[in-house]
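Novice: Predicted structure and sequence below. I'll ask about it afterward.
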Amino acid sequence: MNDAAILDAYFCRDEKAITMTKEVYGSRLMALALRILQDRQDAEEAESDTYFKTWQTIPPQRPQYFFAFLAKICRNVSLHRLEWKNAQKRNAEIVQLSNELEACIADETTPRAWEAKQIGQTISAFLKVQSKENRVIFIRRYVLAESVEDVARSMGLSESKVKSSLFRTRNKLRAWLAKEEIAI
């Protein structure tokens, strides 16, 4: 089952599209939600909400990279659920991820002209010029919320290499954003 067939089912408003999505991507979405929420029941609800939001969004959108589209929805749903659940007591791993990128992302004084979509496009352009290894490490850590240990293990690298790569990539991103005149 390929992404085009799944997307066609969404466009035909065939409810089997959700079943097909779950068959192909369910385990990866569940793993992402579990990494963020660290609670199986909450992760299952986040995965289910991901399918619902996907159903609401397609059509009119037709994502070019379907799993990236799903992962973004799942990550946002999971983060919102985490905020709601924990209110004042934030998950230490998510706080750490936020702190690591804090110096690179625009602050509240950023001009309104730079909306989140534009910042996302700028970061995407930055990642396209990075080496494949650095790009994969960055995405696995900051988009898929994998721990440094998990990234290192899955890529066959040492943890210190992953940490160094992330440090250098964040510094390059900070410089890239400054060059693009995005306040940091």
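Specialist: Here it is on my side, so go on.
Novice: Run through who's touching stretch 14-30.
Specialist: Contacting residues not belonging to stretch 14-30 are listed as 1, 5-7, 9-10, 43-44, 47, 50-51, 54-55, 58, 66-67, 70-71, 74 [CB atoms under 8 Å, 6 or more residues apart in numbering]. Every residue, glycine included, has its C-beta placed from N, CA and C.
Novice: For residue 106, give me the pLDDT.
Specialist: pLDDT recorded at residue 106 is 51.
Novice: can you map out the helices along the chain?
Specialist: 3-11, 16-37, 40-57, 66-86, 92-102, 116-128, 132-142, 148-155, 159-179 (DSSP state H).
Novice: Now do the buried residues in the first one.
Specialist: Looking back up the chat, that one is helix 3-11. Within helix 3-11, the residues scored as buried using 16 or more other CB atoms under 10 Å are 3, 6, 7, 9, 10.
Novice: quick one, phi/psi of the nearest residue to the third one once chain neighbours are set aside?
Specialist: When the adjacent residues along the chain are set aside, residue 7 lies closest to residue 62, with 6.0 Å between them (CB to CB, 6 or more residues apart in numbering). Backbone dihedrals for residue 62, given as degrees, to the nearest 10, come out at phi -130, psi 90.
Novice: what's the distance between residue 62 and residue 4?
Specialist: The gap separating residue 62 from residue 4 is 10 Å, by CB to CB, to the nearest Å.
Novice: swap in residue 82?
Specialist: 33 Å.
Novice: about what we covered before: which members of the contacts of stretch 14-30 are classed as buried?
Specialist: So, by 16+ other CB under 10 Å, the buried ones in the contacts of stretch 14-30 are 6-7, 9-10, 43, 47, 50-51, 54, 58, 66, 70-71, 74.
Novice: May I see those arranged in a markdown table, with pLDDT and distance to residue 120 as well?
Specialist: Shown next, in a markdown table, are the buried ones among the contacts of stretch 14-30 (pLDDT from 0 to 100; distance: CB to CB, whole Å):
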| residue | pLDDT | distance to residue 120 |
| --- | --- | --- |
| 6 | 93 | 24 |
| 7 | 92 | 21 |
| 9 | 92 | 27 |
| 10 | 91 | 23 |
| 43 | 92 | 25 |
| 47 | 94 | 23 |
| 50 | 94 | 19 |
| 51 | 94 | 23 |
| 54 | 93 | 19 |
| 58 | 90 | 19 |
| 66 | 91 | 17 |
| 70 | 93 | 16 |
| 71 | 91 | 14 |
| 74 | 93 | 16 |
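Novice: what's near enough to touch residue 158?
Specialist: So residue 158 contacts residue 152 (CB under 8 Å, 6+ apart).
Novice: So which residue is dead centre in this structure?
Specialist: Nearest to the mean C-alpha position of the chain, by CA atoms, centre = their mean, lies residue 143 at 3.0 Å.
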